[in-house]
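# structure, please.
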Amino acid sequence: ITCIQFEKKSAQLWVGSYDYGLHALDINTGKWRSYGMEANHPRRMHSSLITDLSLDAIGNLWVATHSGGLLKLDASGSSQDGINYKIDSGLPDNNISSLATDTKGNTWFSSYKGLTCVNKDGRVIKHFENRNGLPYENYNSRLQITSDGCLITAVRNGFVRFHPDSVTYTTEPYPVVITA
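Alright, predicted model coming up:
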């Protein structure tokens, strides 16, 4: 078992594991459901290597995986179908280490490519890496958000703590290249 998350409203205990996928225990009935990997199904989990789980304010369960990106599910457990977010949908990396949901309803994750924030629709709205102020690029430790909105994560020989709203940066526009 790599992570657990309890969804109070529907009494679901979510359990993530490395190699055995995602499981949900309905506390009221005592019944288990398993969510295995179905890499070719567009609305199912694309990796059984679960690294973290996080609930957002509107009842979504975000599932972080190693090599399969993020999966957003209805936390009530009513369906195995969800929405996958990967590199091809705008994420910087498919290897997600840790998740945390902020007070604005956004979900943050750490990866080998830095710290990234996605909105409730899975669209990347902020990405921080060593090129725009973070001291490292590889973030594979637990990610926490304080009550005042600061992000904290462990790094080699210490930790990084910053408030994302206090950092201003601009990204260089990508050059337009037309090929024949």
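# low-confidence stretches in the chain?
The model of the chain has pLDDT under 70 over residues 167-177, 180.
# hang on, Lys72 in a helix?
No: with DSSP: H, G, I helix; E, B strand; the rest coil as the criterion, Lys72 is assigned strand and is not in a helix.
# neighbours of it, how many?
By other CB atoms under 10 Å, 19 other residues sit near Lys72. C-beta coordinates here come from the backbone N, C-alpha and C atoms, glycine included.
# need the contact list for it.
By CB atoms under 8 Å, 6 or more residues apart in numbering, the residues touching Lys72 are 60-63, 82-83, 85, 122.
# what subset of those is buried?
Neighbour counting with 16 or more other CB atoms under 10 Å marks 60-63, 82, 85, 122 as buried within the contacts of Lys72.
# of the residues you listed, closest to Lys8?
Of all the buried ones among the contacts of Lys72, Lys8 sits closest to Leu61, with 12.4 Å by CB to CB.
# in a strand, the closest one, correct?
Yes: counting by three-state DSSP, Leu61 is found in a strand.
# where's the residue nearest to it when sequence neighbours are not counted relative to Thr29, distance?
Among residues not flanking Leu61 along the chain, Ala75 sits closest, at 4.0 Å (CB to CB, 6 or more residues apart in numbering). Noted for Ala75: a distance of 16 Å to Thr29, by CB to CB, to the nearest Å.
# again with Asn132
48 Å.
# go on, Phe159?
Using CB to CB, Phe159 is found at 41 Å from Thr29.
# more neighbours, those two?
Between Phe159 and Thr29, Phe159 has the larger neighbour count (other CB under 10 Å), namely 11 against 8.
# give me the nearest residue to that one, chain neighbours excluded.
Computed as CB to CB, 6+ apart, the closest residue to Phe159 that is not its neighbour in sequence is Ile152, at 6.0 Å.
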